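> Need a 3D model of the following:
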Amino acid sequence: MDSATAVRAPILASRLRILQALGVFCGFAAGAWLGGAEAPIKLAQGTISPITISLIMVVGVFLARWSIPALIRGTSFVRRDVAKAPHLIVWAVLAGCMWAVANTLTIYAIRDVGLSIAFPLWNTNSLLAIFWGFLLFNELRRAGWGRWLGVVGGALSMFGGAVLLAVASSAQAAGGRATHGVMAALAAGVLWGTMYIPYRKAYLTGMNPLSFLTFFTFGELGTMGILAVSYRGSRVLWHELVSAHDILFWLMLGGFIWVIGDLFQQYAAKYVGISRGVPLSNTNQLWGLLWGILVFHELRNGNRTLYAEVIGGSILMATGAVAIALSSATKQEHLRWQDAAEREGKRYGIQDSHVRASMEGTEFEAVENRRTLLDWSLIGGVIAVFFALGCMARLPHLDVSWGWAGAVVSAMLVLLCGCVVALWRTTRFN
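Next up, the predicted model:
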């Protein structure tokens with residue numbers, strides 16, 4: 001058979017089941033780590049501007065996006081992977097630009113309405129992911145009425161949960177800032193929902209998530225630097241950075257944690273699509289609820305109605321996300337994904353065999369990857385930076401339940417280890 005036919009040939013049913021199960025697992029792990037990434041913001045609340053907080057987090061993201069791929073596969077692997085599809089660098093940078101703006105908006109949202117409310121509001125990005133996945137990448141085509149019902153019903157459930165939380169926010173936020181917080185969270189959701197278009201284009205045409213992560217960060221850091229200097233001014237920005245030396249560790253750690261969650265989210269999008277992978281990763285709203293209520297005591301002074309709205313809204317949104325995730329792709333639908341992959345591959349001149357290997361989660365070329373001096377320098381440099389910042393860090397004067405914090409972190413680490421092992425055994429991080 002010719003190469004184009006090879007791309008369209010069905011993937012073995014057993015392999016497809018394994019990859020979809022892996023994508024679901026990655027989605028849940030992503031939710032845990034994306035949820036945990038926002039917690040350090042609470043440790044710096046009220047000390048420096050949200051713009052500066054976002055910039056510091058993006059610096060942590062930058063360090064993570066270069067050191068983690070260097071640790072897992074090495075920079076030589078990233079270089080070879082990008083050489084096969086250099087056009088995708090532009091898409092990665094564009095996605096990074098959108099992420100930087102959205103992340104800044106979430107800082108304002110958390111400040112104005114709190115973690116437990118802001119999370120579900122910006123997680124309406126699932127609705128856009130479903131729309132873009134269907135419109136552009138053949139997701140849900142030939143899926144059957146049952147799966148359509150799961151996706152549409154789940155989307156409506158998520159919307160209902162968002163409405164409940166928007167109503168609750170007016171009672172939780174002080175000083176009339178609730179409307180601003182709600183709008184910031186929803187705008188972040190729109191940007192993040194659109195950001196998944198470059199994700200899906202990259203993975204349909206064979207780019208490895210580790211490579212996408214590496215170049216994604218140029219858009220993040222560049223956009224965030226421009227925003228910070230434009231809004232704060234270089235002199236004020238520098239003064240804030242110097243005065244915030246004792247909280248730099250926490251904010252950069254938040255960025256680092258976010259990258260771990262985003263890496264799992266990328267693999268979820270790769271193997272179950274954005275219409276399913278994004279809702280799965282949006283279980284971060286439940287982790288945000290755990291951090292907000294158990295660790296930081298948000299809603300402590302709220303009445304029963306407020307608790308019912310926040311908890312009920314979060315559960316309703318999570319139920320919708322699970323319904324969408326459980327509507328797994330059928331063999332017929334996956335063939336339509338392969339049609340989209342073939343189309344994208346032809347558009348950018350990528351070898352069909354490379355596209356096929358990527359969809360199967362296998363190596364296109366059996367090349368040994370060895371860590372170079374550059375790799376170990378990157379890893380060692382990042383460790384040194386965090387060690388130095390950790391020595392300057394101080395614990396915040398907040399009412400924090402450290403016991404609950406330890407329990408939540410332990411659960412996150414269990415998911416991390418399990419997902420890393422599963423990815424390595426199944427795909428070698430391909």
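
> now the helices for the stretch 251-400 of the chain?
In the stretch 251-400 of the chain, the helices defined using DSSP state H, counting those that start in this stretch lie at 274-281, 284-289, 304-326, 331-348, 352-360, 373-392.

> what helices or strands is the second one leaning on?
Same thing as helix 284-289. Other elements packing on helix 284-289 under the criterion 3 or more C-beta pairs under 8 Å, 6 or more residues apart in numbering; DSSP states H and E are helix 13-37, helix 115-122, helix 304-326. C-betas here are computed from N, CA, C, even on glycine.

> Contacts for the helix or strand just after the first one next, please.
Right, helix 13-37. For helix 13-37, the following helix or strand on the C-terminal side (DSSP states H and E) is helix 39-42. For helix 39-42, contacts defined as C-beta atoms under 8 Å, 6 or more residues apart in numbering pick out 53, 57, 107, 110, 115, 250-251, 253-254, 257, 291, 295-296, 396, 398.

> filter these to the buried ones?
Applying 16 or more other C-beta atoms under 10 Å to the contacts of helix 39-42, the neighbour count classes 53, 57, 107, 110, 115, 250-251, 253-254, 257, 291, 295-296, 396 as buried.

> tell me the least confident of those residues?
Lowest in pLDDT among these is Leu115, which has 62.

> picking up where we left off before, which of the contacts of helix 39-42 lies closest to Cys419?
When those are compared for distance to Cys419 (C-beta to C-beta), Ile257 wins out at 14.3 Å.

> ok, now which ones touch the nearest residue to that closest one once chain neighbours are set aside?
In space, and not counting its chain neighbours, Ile257 is closest to Ala37: 4.3 Å by C-beta to C-beta, 6 or more residues apart in numbering. Neighbour list for Ala37: 254-255, 257-258, 261 [criterion: C-beta under 8 Å, 6+ apart].

> how about 7 Å then?
Contact analysis of Ala37 by C-beta atoms under 7 Å, 6 or more residues apart in numbering lists 254, 257-258, 261.

> Likewise for Glu344?
Counting by C-beta under 7 Å, 6+ apart, Glu344 makes contact with 201, 204-205.

> one more time with 8 Å, if that's ok
Glu344 sits next to 201, 204-205, 350, 355 when contact means C-beta under 8 Å, 6+ apart.

> quick check, nearest of those residues to Val229?
Nearest to Val229 among the contacts of Glu344, counting by C-beta to C-beta, is Lys201 at 30.6 Å.

> The closest one - how many residues pack around it?
Lys201 has 23 neighbours, counted by other C-beta atoms under 10 Å.

> gap between it and Gly261?
21 Å (C-beta to C-beta, to the nearest Å).

> what angle separates the helix or strand where Leu413 lies from helix 13-37?
Using DSSP H and E, Leu413 falls within helix 402-427. Helix 402-427 and helix 13-37 are oriented at 150 degrees to each other (axes from the mean of the first three to the mean of the last three C-alpha atoms, to 10 degrees).

> got the angle for helix 402-427 vs helix 352-360?
Using the same axes, to 10 degrees: helix 402-427 against helix 352-360 is 140 degrees.

> For helix 402-427, what is the distance to the chain centroid?
The chain centroid and the centroid of helix 402-427 are separated by 16 Å, computed with C-alpha atoms, centre = their mean, to the nearest Å.

> again, but for stretch 272-291
The chain centre lies 9 Å from the centre of stretch 272-291; the measure is C-alpha atoms, centre = their mean.

> now do stretch 342-355
For stretch 342-355 - counting by C-alpha atoms, centre = their mean - the centre lies 26 Å from the chain centre.

> for the record, mean pLDDT for that stretch?
In this model, stretch 342-355 has an average pLDDT of 81.

> measure that stretch end to end?
For stretch 342-355, the first-to-last residue distance is 8 Å (C-alpha to C-alpha, to the nearest Å).

> And that stretch, what's buried?
Going by neighbour count (16+ other C-beta under 10 Å), the buried part of stretch 342-355 is 342, 344-345, 350, 352, 354-355.

> any low-confidence regions in the stretch 251-400 of the chain?
In the predicted model, the stretch 251-400 of the chain carries pLDDT under 70 at residues 364-369.

> If we use 90, what do you get?
The stretch 251-400 of the chain contains residues with pLDDT under 90 at 251, 269, 272-372, 374, 393-400.

> hmm, back to that, tabulate the buried ones among the contacts of helix 39-42 in JSON lines, adding columns for distance to Val163.
JSON lines is the format used below for those (distance: C-beta to C-beta, whole Å):
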{"residue": "Ile53", "distance to Val163": "29"}
{"residue": "Met57", "distance to Val163": "29"}
{"residue": "Ile107", "distance to Val163": "24"}
{"residue": "Ile110", "distance to Val163": "20"}
{"residue": "Leu115", "distance to Val163": "19"}
{"residue": "Trp250", "distance to Val163": "33"}
{"residue": "Leu251", "distance to Val163": "32"}
{"residue": "Leu253", "distance to Val163": "34"}
{"residue": "Gly254", "distance to Val163": "29"}
{"residue": "Ile257", "distance to Val163": "30"}
{"residue": "Trp291", "distance to Val163": "23"}
{"residue": "Val295", "distance to Val163": "26"}
{"residue": "Phe296", "distance to Val163": "24"}
{"residue": "Pro396", "distance to Val163": "33"}
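
> Apart from its neighbours in sequence, what residue is nearest Ala411?
Counting by C-beta to C-beta, 6+ apart, the residue nearest Ala411 is Ala32, at 6.9 Å.

> right, I mislabeled it, should have said Cys419
Nearest residue to Cys419 in three dimensions, chain neighbours excluded: Ala29, at 4.0 Å (C-beta to C-beta, 6+ apart).

> Quickly note the distance from that neighbour to Trp287.
From Ala29 to Trp287 the distance is 11 Å (C-beta to C-beta).

> higher neighbour count, these two?
With neighbours defined as other C-beta under 10 Å, Ala29 and Trp287 compare such that Ala29 has more, 30 against 24.

> What separation is there between that one and Ala422?
Ala29 sits 9 Å away from Ala422, going by C-beta to C-beta.

> and if you look at His354?
24 Å.

> What lies in contact with stretch 269-278?
By C-beta under 8 Å, 6+ apart, the residues outside stretch 269-278 that reach it are 19-20, 22-24, 26-27, 125-126, 129-130, 132-134, 137, 139-140, 151, 193, 196, 199-200, 203, 209, 265, 268, 280, 324-325, 327-329, 337, 358, 361.
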